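Trainee: I need the structure of the sequence given here:
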Amino acid sequence: VVVAPQPFDSDLTSDSEDSTDDELVNLAGNNASDRSAGDAAGIPTVGEQRILEFDKDTGFYVDKKPNNAFLRLPTLPRLSRPNYKRSNLRLCGVPRRSRHHNQQGQKQRPRWPIMEETNKDSEEQTVQRLERIQELKKTLAYEPQHESNWLELYRLLGESATKSNRLAVAEEQLHVLESAMEQHPGNEKLLQCYVATASITYPDSQVANKLEQLLQRQPHEYTLWTALIMTTQGTMARCNVPDVLDIYKECMQRLHRDRDRDDQTDELMLKLFHNCVLFLRQSANTPQMFALLKLALELNAPHLTFDCLTACALDERPLVDYEELVLRSGMPMPEIWTRVERLRQAYNFLPYPQSNSSADQAAVAGLDPQRCIYTEDVCHYIHPLKTHTHRLQLLLLVVQLTKLPLVRTHCLAERLCTRIDQIGDSEAIEMLLAGLADRWTYALPPHRADYMEATMQLAKELYVCPSFMPQAIGHELYERCIDQLLLQCSQVFDEDEPKRRVFIVLWLRFQRLRLQLRKLSGKLTRQFLRETCDNQRALLRQPANRQVVCFYTQLAMFEYEALDEDKSSAFRVLDNVLAMSKNSVHVNVDTLHAAVVYAEMQIANNSPDAALRLLNGLASRQQLDEELATAAASPEQLPLEEYFLPNMLTLSLRALCLQTYLRDGSKVAALALLEATLQHRLFQLPEMQQTRVRFLREQICELQLLFVQLPQRGALSELLPLLQRGLDEFPRNQTMLQLCATLDTTQWIDVRCRLKHTRAGILALLHLIIAARCRFLRQQHSRDLAMCFGYQTSTLDAKLQEDYLRNRMLSIFESFLPTNKHRTNEEAEQYAVLRRNSLYWRCYLRCLSNERTSFERSKACLLMALDECPWDKALYMDGVTYVPQEFANLQDVMTEKQVCCFAIPEELNVLREA
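Mentor: Residues are numbered from 1 along each chain as shown. Take a look at the predicted model:
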């Protein structure tokens with residue numbers, strides 16, 4: 001440490017030097033014996049020439065022994081302490097005023113009189129609160145039918161709690177809620193209040209007992225079942241894979257025995273089945289998971305055998321070669337174990353075909369006993385549906401649980417995904433790729449380059465094997481599995497054409513997803529294009545598919561996206577489709593869909609005249625009014641298959657608005673037509689609660705965002721207000737989240753607030769991360785462009801930009817944590833959802849762990865993550881990577897929790913030495 005010398009007075013310096021010389025002379029003359037002793041000890045004597053590191057002429061000296069008192073603020077001298085002033089507690093917050101000054105800067109009265117007034121007011125409020133509590137109790141004794149009175153009483157009791165009576169007040173709240181639920185059975189608000197209050201009042205074992213007592217009286221309440229499951233699954237001390245599965249087994253058996261309400265029982269059983277499979281996937285018990293999926297399909301489609309969900313020895317041959325390369329690499333054992341574990345997880349995810357041999361015989365034969373899954377091992381977690389009404393939902397859940405990103409809109413997410421505020425959202429990063437498979441428009445560029453680069457980078461970092469991501473080892477095997485599964489699911493509905501079409505459309509979308517992933521990863525080959533096109537055309541040549549127009553439209557989309565320059569092949573397919581229906585009197589929905597897609601492609605190809613010719617005569621105001629009247633007279637519940645197939649109302653509106661835009665050259669009239677449609681009585685309350693109306697309204701909001709972004713001559717952009725309204729109403733719509741993440745001209749704090757307010761769970765957080773990375777990538781590209789033109793840029797600037805990105809992302813993660821003293825109520829509510837999702841913790845741990853972060857801080861983050869998600873194997877794998885010194889402990893915990901491990905370190909030691 002280089003320290004500047006302190007200035008000395010010249011007189012004092014000379015006096016001290018003279019006195020020091022005299023003392024040395026006296027010491028030398030009088031203590032000769034001591035001098036000889038000093039020589040023996042190696043201490044320099046007076047007569048020797050001492051080697052000094054500095055003298056009085058040197059302008060600086062080296063401080064070899066720093067003063068530790070200068071390292072901490074409390075030990076600094078009082079006058080040397082810096083005076084820190086915190087003017088803002090939060091970004092864009094209100095400056096904090098001094099405690100002794102008011103808004104005008106005038107001095108206030110002393111503290112004690114203010115405290116006396118505050119206490120006086122609180123006493124008055126306490127008296128009023130107690131009077132209101134007594135009044136509500138008397139009212140509810142005679143009029144218990146008002147739900148609002150019960151909730152108000154529950155809230156007032158909570159406000160009256162103190163440190164001394166907190167337990168008694170909580171018990172009284174629970175008693176009030178139990179009385180309320182007797183009067184209002186199945187009330188969701190009362191159930192959630194009961195679960196929240198019991199969870200913070202009693203230990204988990206006691207909470208489980210109370211929930212089981214409630215379930216004896218109300219066995220059809222999803223909220224109670226999920227709360228009971230999370231008392232075991234979500235607690236580090238109680239979490240254990242077999243114990244959690246036992247609870248699922250109990251609830252499934254109880255629901256199966258209930259014959260009173262078949263439709264409600266099937267719906268509840270499907271939700272719990274989804275959660276059970278999600279738990280098996282997150283705990284890496286993939287053989288058991290796929291065995292359960294196979295059983296669920298075969299129980300409800302007994303005429304089919306889903307062999308695509310069983311292992312084939314030929315497909316796993318590359319695994320042995322990869323393992324030998326890793327074992328011979330000479331890497332440390334934690335790294336070898338991590339790589340071998342991920343390899344086996346990528347190849348050994350399917351169970352063995354069932355045979356008559358026992359598990360012991362299979363082990364003797366050299367088979368992995370974890371993959372020997374028999375029907376009796378998984379039959380407790382699914383039962384045949386009591387009605388065929390929910391069979392399509394079951395098959396879609398099975399497909400979704402394979403990580404296929406088929407949910408892009410908010411309304412479909414509400415139908416297929418369970419409540420994310422109770423059990424947590426999906427941990428599959430592949431869900432961000434839904435827009436690649438289900439492209440919402442062709443009139444605009446598909447995706448911004450920086451957005452897709454940031455998304456692919458995030459997906460590459462966080463995907464978990466098995467996966468169809470091109471970067472994943474063994475992705476071809478998993479792609480083949482999903483490919484065959486979709487085709488076999490279509491065979492389940494041979495007698496129901498709309499439902500059969502759903503899975504063929506999903507199969508065709510999956511081909512486009514594979515195409516886009518290879519293009520973005522730089523792994524697209526001519527062989528892949530040729531084989532994929534041949535497979536699609538072979539499917540469409542089958543007699544059942546030959547006359548289905550929407551299939552050919554999907555094929556044209558694939559060929560349009562496959563080649564960036566030559567679009568003639570796609571246009572030729574669409575020309576043939578439209579020529580086939582030219583002689584028909586009425587335009588059906590599939591033909592209109594093909595024409596609209598073709599017109600949007602022509603708009604993107606800078607051919608507006610050709611687009612207008614395609615749309616002429618296909619839609620009119622009268623036809624739109626007829627479709628609105630038809631929708632108003634349709635059933636309230638939208639059939640699940642209509643979420644995936646073209647809709648006549650939205651297509652007519654889209655075609656009419658495109659005609660207006662292309663004819664007038666202005667989008668003002670088109671936007672006015674869309675806004676007038678939203679003001680139709682169909683889209684007003686109480687109809688807004690219907691699933692059909694909400695789905696149509698979401699589609700129209702997407703159309704508004706489309707036309708706002710189209711190029712035009714003269715109108716002001718209204719993107720921000722429309723986007724904000726759309727996110728408020730449909731927070732899990734990925735198109736809207738993407739638009740919000742790529743707002744260039746908006747300040748970062750505004751983008752951050754918009755995405756935080758969406759309450760979309762992990763999707764909002766992931767798009768917040770992507771938004772931060774997009775801004776960093778744009779700055780990086782600008783710097784690279786400046787270097788291309790000969791401008792010099794500093795490497796220090798690039799390093800600072802990386803630090804800014806890291807600090808910004810850490811601020812995002814830590815704003816939700818309970819350790820944040822300035823956390824808002826909204827952030828606390830969102831943390832209750834995010835804390836059960838391993839993606840939140842994995843992103844946080846990955847961002848936190850770099851060369852400047854101590855292992856202790858990463859370990860603290862890992863412990864917090866495991867305390868919230870003790871069943872998630874991906875967290876343990878990341879813990880081995882970022883906190884390697886805890887390798888042995890993490891493996892012990894995985895063994896204790898019975899999280900699936902395909903590789904054992906002792907086994908790898910033997911294989912490495914062999």
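Trainee: average pLDDT for the helix or strand hosting residue 538?
Mentor: When secondary structure is defined by DSSP states H and E, residue 538 falls within helix 526-540. When the per-residue pLDDT values of helix 526-540 are averaged, the result is 95.
Trainee: how far does whatever helix or strand comes next after it sit from its chain's centre?
Mentor: Once helix 526-540 ends, the next helix or strand along the chain (criterion: DSSP H and E) is helix 549-562. Taking CA atoms, centre = their mean, to the nearest Å, the mean C-alpha location of helix 549-562 is offset from the chain mean by 30 Å.
Trainee: quick one: contacts for residue 775?
Mentor: Residues in contact with residue 775, defined by CB atoms under 8 Å, 6 or more residues apart in numbering, are residue 748. To be clear about C-beta, it is placed using only N, CA and C from the backbone, and glycine gets the same treatment.
Trainee: residue 718 contacts residue 671, correct?
Mentor: Yes - under the criterion of CB atoms under 8 Å, residue 718 makes contact with residue 671 at 7.3 Å.
Trainee: quick one: common contacting residues for these two?
Mentor: Contact with both residue 718 and residue 671 is made by residues residue 708, according to CB under 8 Å, 6+ apart.
Trainee: neighbour count: those two, which is higher?
Mentor: Set residue 718 next to residue 671 and count neighbours by other CB atoms under 10 Å: residue 671 wins out with 21 against 16.
Trainee: the nearest residue to the more buried one once chain neighbours are set aside and residue 601, how far apart?
Mentor: The spatial neighbour of residue 671 that comes closest, neighbours along the chain excluded (CB to CB, 6 or more residues apart in numbering), is residue 707 at 5.5 Å. Taking CB to CB, to the nearest Å as the measure, residue 707 falls 17 Å from residue 601.
Trainee: circling back: the helix holding residue 538 packs against which elements?
Mentor: In this structure, helix 526-540 packs against helix 497-521, helix 549-562, with contacts taken as 3 or more CB pairs under 8 Å, 6 or more residues apart in numbering; DSSP states H and E.
Trainee: give me the residues contacting the last one.
Mentor: With contacts defined as CB under 8 Å, 6+ apart, helix 549-562 is touched by 439, 442, 446, 501, 504-505, 508-509, 511-512, 515-516, 529, 532-533, 536-537, 539-540, 545, 567, 569-571, 573-574, 576-577, 580-581, 588, 590-591, 593-594, 597-598, 601, 645-646.
Trainee: any quick ChimeraX command for the buried ones out of those residues?
Mentor: Taking 16 or more other CB atoms under 10 Å as the burial criterion, the selection of buried members of the contacts of helix 549-562 in ChimeraX is written as:
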select :439,442,501,504,505,508,509,511,512,515,516,529,532,533,536,539,540,545,567,570,571,573,574,577,581,590,591,593,594,597,598,601,645,646
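Trainee: and residue 727, which of the helices and strands packed on helix 526-540 is closest to it?
Mentor: When the helices and strands packed on helix 526-540 are ranked by distance to residue 727, counting by CB to CB, first place goes to helix 497-521 at 24.7 Å.
Trainee: hang on, the earlier thing: neighbours of the residue nearest to residue 671, how many?
Mentor: When neighbours are defined as other CB under 10 Å, residue 707 has 25 of them.
Trainee: now it: which helix or strand?
Mentor: Under DSSP H and E, the secondary-structure element containing residue 707 is helix 691-709.
Trainee: next SSE downstream of that helix?
Mentor: Towards the C-terminus, the helix or strand next in line after helix 691-709, according to DSSP H and E, is helix 719-729.
Trainee: check which helices and strands that next one is in contact with.
Mentor: With contacts taken as 3+ CB pairs under 8 Å, 6+ apart, helix 719-729 sits against helix 691-709, helix 734-741, helix 748-757.
Trainee: can we see that at 7 Å?
Mentor: helix 691-709, helix 734-741 (3 or more CB pairs under 7 Å, 6 or more residues apart in numbering; DSSP states H and E).
Trainee: who's in contact with it?
Mentor: Outside helix 719-729, the residues within contact range by CB atoms under 7 Å, 6 or more residues apart in numbering are 701, 704, 705, 708, 709, 733, 736, 739, 740, 754, 758.
Trainee: just flag the most distant two among those residues.
Mentor: For the contacts of helix 719-729, the farthest-apart pair by CB to CB is 709 and 758; their separation is 19.8 Å.
Trainee: between those two, who's got more neighbours?
Mentor: For the pair residue 709 and residue 758, the greater number of neighbours falls to residue 758 (22 against 16), based on other CB under 10 Å.
Trainee: any idea how far residue 847 is from the residue nearest to that one when sequence neighbours are not counted?
Mentor: With sequence-adjacent residues excluded and distances taken as CB to CB, 6+ apart, residue 758 is closest to residue 731, at 3.9 Å. Relative to residue 847, residue 731 is positioned 24 Å away (criterion: CB to CB).
Trainee: before we move on, back to that, for the helix holding residue 707, buried residues please.
Mentor: 691-709.
Trainee: what helix or strand is residue 195 on?
Mentor: The secondary structure element spanning residue 195 is helix 188-201 (assigned by DSSP H and E).
Trainee: and that helix, which residues are buried?
Mentor: With burial defined by 16+ other CB under 10 Å, the residues of helix 188-201 counted as buried are 190, 191, 192, 193, 194, 195, 197, 198, 199, 201.
Trainee: residue closest to the middle of this protein?
Mentor: residue 762 (2.9 Å; CA atoms, centre = their mean).
Trainee: list the contacts of that one.
Mentor: With CB under 7 Å, 6+ apart as the criterion, the residues that contact residue 762 are 425, 834, 837, 839, 840.
Trainee: residues near the fourth one, how many?
Mentor: I take that to be residue 839. Neighbour count of residue 839, defined by other CB under 10 Å: 26.
Trainee: for it, give me the pLDDT.
Mentor: Looking at residue 839, its pLDDT stands at 95.
Trainee: if we can go back for a sec, need the contact list for the residue nearest to residue 758.
Mentor: With contact set as CB under 7 Å, 6+ apart, residue 731 has these partners: 410, 758, 759, 760.
Trainee: I'd say residue 489 and residue 503 touch.
Mentor: Yes - taking CB atoms under 7 Å as the definition, residue 489 is a contact partner of residue 503 at 4.5 Å.
Trainee: which residue ranges form the helices in the stretch 101-250 of the chain?
Mentor: Taking DSSP state H, counting those that start in this stretch as the criterion, the stretch 101-250 of the chain contains helices spanning 111-142, 147-159, 166-183, 188-201, 204-217, 222-233, 241-257.
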